[in-house]
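Student: have a look at this prediction, sequence included:
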Amino acid sequence: MPIAFNSIGYFCSLVPVEIITAAGLKPVRVKGRAETTAAADAYLYPNMCPYIKSLFADGLDGGGSACDGVVFTRSCDGMRRLYDAWQAYVPNDFVYMLEAPKNCDGLAVEYFASQLRIFAQQLGKKTGAEVKEGALAKAVKAANQVRHSMQELYAMQKKSPLPVNGSELFKLGLEVLSGDGQDTAGRLMSVYDSVKKQAGPGQGRKKPRILVSGNVMDRPGLFEIIERAGAEVPVADLCTASRYFERRVDENAHDVYGALAAAYLGEPRCSRTATPAEIFARLGKKVKEYAIDGVLLTSLKYCDQQLNDIPYLVKRFTEAGTPVLFVENDYLFSDSGRLRTRVEAFIETLES
């Protein structure tokens, strides 16, 4: 018997929010709100991703009931283990694993499209809200508009000084991912119009400009440390920042599920599917577009996919003459003192 649902949480950028919206539900990017992972340590390996442990600790504490259902993707082995633990210990009426291929060729897109259809069907069976083609097409247009508005804001960040503090723009993007507000697109356009009026021609470079790149981050602490040290963050290549909003789904495609699959598996890709060389090429382009002075690479502890790329990226940026700093984080940014010291020293080198 269908259950009355209001929201569906998701943990990875590979989950198409359009399908959830088309079912009449609110998609919510789930944050790990637990400030300690001690509860999760009794169930999960000690050397597991701290993002996953924070999510599970919050779920054990009742945070899992904040959404009526949750959707996982097979993005990494840690997330697969979290899915098993969540099913066993966290009460949710709908716990679903979305299979996503690591390739991005034609066969991979076709396979992922088939998995998206199954996901839509299973979601409809559980909630009684059938995902219809018309509603899905409408959801695609709405999501494209939101992403386009964020892209426009990030494009304006190419100016110097910045029209919007990097930390503020990052927090605005997090609000979008959290499903806050009744009219997200309208609210973003209001912010854009306000910024456009204030942003005149560049007035000369005053602060070092830093590109932040990494995986998941949903706390503005790192941005605030950089800004307090006298630098600014025009753009952040994170799956919870500019990288997420660069995606666009073809609104005129005959097969909407195929269009969703192509967009979500396509550019820009993270360390899960992209090679280090591809990531360096994308970041190198941003360095030029945003007149970046230094690159700050960050990764969650124990994230094998991301950490595998770091030595290559550091080497390539160093060879290109771009100052680069790598900092590992525990998702909670509990060691902010050490991080602040390293960031401040890095910015001093840029200023000198």
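Tutor: Sure, I can see it.
Student: now the strand or helix carrying Leu313: buried residues?
Tutor: Secondary-structure assignment from DSSP states H and E places Leu313 in helix 304-319. For helix 304-319, burial by neighbour count (16 or more other Cβ atoms under 10 Å) applies to 305-307, 309-310, 313, 316-317. Backbone N, C-alpha and C define where each C-beta goes, glycine included.
Student: same check, this time on stretch 101-119
Tutor: For stretch 101-119, using 16+ other Cβ under 10 Å, the buried residues are 101, 104, 108-109, 111-113, 115-117, 119.
Student: ok, and what's touching that stretch?
Tutor: Identification of contacts with stretch 101-119 by Cβ atoms under 8 Å, 6 or more residues apart in numbering yields 16, 19, 71, 96, 98-100, 255, 257-258, 260-262, 264-266, 269, 272-273.
Student: same question, stretch 122-139
Tutor: For stretch 122-139, the external contacting residues (Cβ under 8 Å, 6+ apart) are 2-5, 8, 17-25, 69, 93-94, 96, 120-121, 251, 256.
Student: just the strands from the stretch 101-250 of the chain, written as ranges.
Tutor: Secondary structure of the stretch 101-250 of the chain by DSSP state E, counting those that start in this stretch: the strands cover 210-213, 236-237.
Student: now do the helices in the stretch 151-300 of the chain.
Tutor: In the stretch 151-300 of the chain, the helices defined using DSSP state H, counting those that start in this stretch lie at 166-177, 184-198, 221-228, 242-245, 256-265, 276-289.
Student: adding distance to Pro50, write those out as JSON lines.
Tutor: Output for these, formatted as JSON lines (distance: least, Cβ to Cβ, whole Å):
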{"stretch": "helix 166-177", "distance to Pro50": "18"}
{"stretch": "helix 184-198", "distance to Pro50": "29"}
{"stretch": "helix 221-228", "distance to Pro50": "14"}
{"stretch": "helix 242-245", "distance to Pro50": "20"}
{"stretch": "helix 256-265", "distance to Pro50": "25"}
{"stretch": "helix 276-289", "distance to Pro50": "22"}
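Student: by mean pLDDT, show me the worst of those helices.
Tutor: Ranked by mean pLDDT, the helices of the stretch 151-300 of the chain end with helix 184-198 in last place, scoring a mean of 69.
Student: low-confidence ranges in the protein?
Tutor: Low-confidence segments of the chain, defined by pLDDT under 70: 1-4, 64-65, 180-187, 197-205.
Student: residues making contact with the helix holding Leu313?
Tutor: Contacts of helix 304-319 (Cβ under 8 Å, 6+ apart): 76, 214-215, 270-272, 276-277, 279-280, 283-284, 295, 297, 299-300, 323-324, 326, 328.
Student: residues touching Leu177, list them.
Tutor: 28-29, 218, 240, 244.
Student: can you tell me which of these lies nearest to Arg338?
Tutor: Distance to Arg338, by Cβ to Cβ, is smallest for Asp218 among the contacts of Leu177, at 20.8 Å.
Student: neighbours of the closest one, how many?
Tutor: 22 (other Cβ atoms under 10 Å).
Student: correct me, but it touches Val30?
Tutor: No - applying Cβ atoms under 8 Å, one finds Asp218 not in contact with Val30, separated by 9.2 Å.
Student: checking Asp84 next. Helix, strand or coil?
Tutor: helix (DSSP: H, G, I helix; E, B strand; the rest coil).
Student: what sits against it?
Tutor: By Cβ under 8 Å, 6+ apart, the contact set of Asp84 is empty.
Student: quick one, which of the contacts of stretch 122-139 are buried?
Tutor: Buried by 16+ other Cβ under 10 Å: 5, 8, 17-23, 25, 69, 94, 96, 120, 256, out of those.
Student: got the buried residues for stretch 60-80?
Tutor: 60, 63-64, 66-76, 78-79.
Student: can you redo the contacts of Leu177 as TSV with distance to Ala142?
Tutor: Listed next are those as TSV, based on distance: Cβ to Cβ, whole Å:
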residue	distance to Ala142
Val28	16
Arg29	16
Asp218	23
Thr240	20
Tyr244	16
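Student: picking up where we left off before, after the helix holding Leu313, which helix or strand is next? Please name it.
Tutor: strand 324-329.
Student: now that following strand, how far from the centre of its chain.
Tutor: 18 Å (Cα atoms, centre = their mean, to the nearest Å).
Student: just checking: what are the partner strands of it?
Tutor: Strand pairing for strand 324-329, using DSSP bridges, gives strand 294-300 (parallel).
Student: run the angle between the strand it pairs with and helix 276-289 for me.
Tutor: Counting by axes from the mean of the first three to the mean of the last three Cα atoms, to 10 degrees, strand 294-300 lies at 140 degrees to helix 276-289.
Student: contacts for strand 294-300 next, please.
Tutor: In contact with strand 294-300 (Cβ under 8 Å, 6+ apart) are residues 49-51, 208-217, 222, 226, 231, 283, 287, 306-307, 310, 313-314, 317, 322-331, 343, 346-347, 349-350.
Student: hang on, the earlier thing: nearest to Ser178, of the strands of the stretch 101-250 of the chain?
Tutor: Closest approach to Ser178 among the strands of the stretch 101-250 of the chain is made by strand 236-237 (16.8 Å; Cβ to Cβ).
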